[in-house]
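Asks: Just a sequence and a predicted model for now, questions to come.
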Amino acid sequence: MKKAAQPYTYGLRGTPTTQALEQALDAMEGSAGTILVPSGLAAITVPLLAFLGAGDHLLCVDSVYGPTRRFCQQMLQRTGVEVSYFHPSDDIESHMRPNTRVVFLEAPGSNTFEMLDVAAAAQKAHAGGALVMMDNTWATPLYFRPLQHGVDLSIHALTKYPAGHSDVMLGSVSATAQAYPRLREAQMALGVNAAPDDAYQTLRGLRTMPTRVERHGASALALAHWLEGHAMVARVLHPALPSFPGHDLYRRQFSGSTGLFGIVLGGMGDTEAAAFLDALELFGLGYSWGGFESLALQPDLSDRTVAHGPTDGTIIRLQIGLEDVEDLKDDLEKGFAAIARLR
């Protein structure tokens, strides 16, 4: 033990089960090393803490997951890290500073699904001396492998599609050979790792993940096409739709789509959104998508600084589960009928 020659010495440093999941994710991501942490949010905060310190600048896409922004504003800035945001369509070169150390990406954007050119952003970030991190939870490594596009650390909420049954909280960060040692060092210094039981359940989930995600994606796309023709829907926010503004970027970079997208209820506000959601019976109300069940909610976009939400109505975010598509259509029609009764 003094020579640290044994593969397993202390639970925090890893177990055969957690190592098996790390290796499986490395194979999926094409990464040199992966760490596991107790939640998707921890998979964001740990690498940010690992690579940022007082006096550094973090450049973050404005359509980022809300809790990511909260951590940046409440915790990172308190430690002396400068934080600024850019619109997904911006050329990040103009936003880079001499002290920019990390560029944080998410594509599609959280709740509004904006696309960005990942490889172009990574190239500009590296030219400015910054590391690139990306939240890849929406696409999963089945449909997009960030490291192949120049990203240094790929972040994933394993809580969602990999585990797949809404009964596990887990996150992962998969890194290049250059970034992994510092990432792993920070994980050990912070004292966070995953429980073997959670790792086992996620390994089990990986066995059916391709089949489940294919079904999620196909059902979501079928509903997205149907909703495009609905009189109460101003727009459908789904990157795989040809009508979506970022569709060309999606097709160039992604090999498939998953079950999460949004609709804009044309000319409507909070009252109509509440009536719509309250009328749903098959869809649950909830945040943590990626499980077997369909969910809906009205997202809060008030924290955006440049990538503001739509002005032509309110967004309803839909997570399409494994239920029958026709049953889901019938349930959504109940929501639209509830809006009609308000008029």
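Replies: Noted; the coordinates are in hand.
Asks: and G266, backbone torsions?
Replies: The phi and psi values for G266, taken as degrees, to the nearest 10, are phi -60, psi 120.
Asks: Check the gap between the closest residue to it other than its chain neighbours and E228 for me.
Replies: If the residues on either side of it in the chain are set aside, G266 comes closest to A234, at 3.2 Å by Cβ to Cβ, 6 or more residues apart in numbering. For glycine as for every other residue, the C-beta is placed from the backbone atoms N, C-alpha and C. With distances taken as Cβ to Cβ, to the nearest Å, A234 is found 10 Å from E228.
Asks: Next: G11.
Replies: From G11 to E228 the distance is 51 Å (Cβ to Cβ).
Asks: ok, how many other residues are close to Y8?
Replies: Using other Cβ atoms under 10 Å, Y8 has 11 other residues around it.
Asks: no, scratch that, I was asking about L12
Replies: The local packing of L12 (other Cβ under 10 Å) involves 11 other residues.
Asks: What residue, apart from its backbone neighbours, is nearest it spatially?
Replies: Of all residues not flanking L12 in the chain, N193 sits nearest, at 5.3 Å (Cβ to Cβ, 6+ apart).
Asks: Which residue of G11 and E228 possesses the greater neighbour count?
Replies: Neighbours were counted for G11 and for E228 using other Cβ under 10 Å; E228 has more, 14 against 11.
Asks: Spatially nearest residue to the more buried one, not counting backbone neighbours?
Replies: Closest to E228 by Cβ to Cβ, 6+ apart is V236, at 5.0 Å.
Asks: doesn't H247 make contact with the one you found?
Replies: No - with contact defined as Cβ atoms under 8 Å, V236 and H247 do not form a contacting pair (11.5 Å).
Asks: out of these two, which sits in the more crowded spot?
Replies: Between V236 and H247, counted using other Cβ under 10 Å, the more crowded position is V236 (22 against 15).
Asks: Stretch 225-232: which residues count as buried?
Replies: Buried residues in stretch 225-232, defined by neighbour count with 16 or more other Cβ atoms under 10 Å: 227, 230, 232.
Asks: Now do stretch 302-321, average pLDDT.
Replies: Averaging pLDDT along stretch 302-321 gives 95.
Asks: For that stretch, what is the distance to the chain centroid?
Replies: Here the centre of stretch 302-321 is set off from its chain's centre by 15 Å, with Cα atoms, centre = their mean, to the nearest Å.
Asks: Repeat that for stretch 206-225.
Replies: Centre-to-centre, stretch 206-225 and its host chain are 16 Å apart (Cα atoms, centre = their mean).
Asks: repeat for stretch 60-80
Replies: 15 Å.
Asks: residues in contact with it?
Replies: The contact list for stretch 60-80 (Cβ atoms under 8 Å, 6 or more residues apart in numbering) reads 41, 44-45, 48, 52-55, 58, 81, 83-88, 103-107, 109-112, 114, 116, 135, 300, 303-307.
Asks: Kindly write the ChimeraX command that selects the buried subset of those.
Replies: Typed into ChimeraX, the line below selects the buried ones among the contacts of stretch 60-80, using 16+ other Cβ under 10 Å:
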select :41,44,45,48,52,58,81,83,85,86,87,88,103,104,105,106,107,109,110,111,112,114,116,135,304,307
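Asks: Which members of the contacts of stretch 60-80 occur in strands, if any?
Replies: Counting by DSSP state E, those place 58, 83-86, 103-106, 135 in strands.
Asks: Between which two of those is the distance greatest?
Replies: Spanning the widest gap among those are S84 and D135, at 17.7 Å by Cβ to Cβ.
Asks: Tell me if R251 really is in a helix.
Replies: Yes - assessed by DSSP: H, G, I helix; E, B strand; the rest coil, R251 belongs to a helix.
Asks: Neighbours of it, how many?
Replies: A count of nearby residues for R251, using other Cβ under 10 Å, gives 13.
Asks: I'd like to know how far it sits from D62.
Replies: Computed with Cβ to Cβ, the distance linking R251 and D62 is 23 Å.
Asks: hang on, isn't G309 packed against E114?
Replies: No - here G309 lies out of contact with E114, judged by Cβ under 8 Å, at a distance of 10.9 Å.
Asks: Now name the helix or strand holding R212.
Replies: Under the criterion of DSSP states H and E, R212 resides in helix 196-228.
Asks: err, H230, not the other one
Replies: Counting by DSSP H and E, H230 is found in no helix or strand.
Asks: Spatially nearest residue to it, not counting backbone neighbours?
Replies: Excluding the flanking residues, the one nearest H230 by Cβ to Cβ, 6+ apart is F336, at 7.0 Å.
Asks: quick one on the thing from earlier: just want the angle from the helix or strand where the residue nearest to G266 lies to helix 196-228.
Replies: In the assignment (DSSP H and E), A234 maps to strand 233-237. Angle between the axes of strand 233-237 and helix 196-228 is 140 degrees (criterion: axes from the mean of the first three to the mean of the last three Cα atoms, to 10 degrees).
Asks: rewinding a little: so the residue nearest to G266 makes contact with V264?
Replies: Yes - A234 is within contact range of V264, at 4.5 Å (criterion: Cβ under 8 Å).
Asks: where does this protein dip in pLDDT?
Replies: 1-6 (pLDDT under 70).
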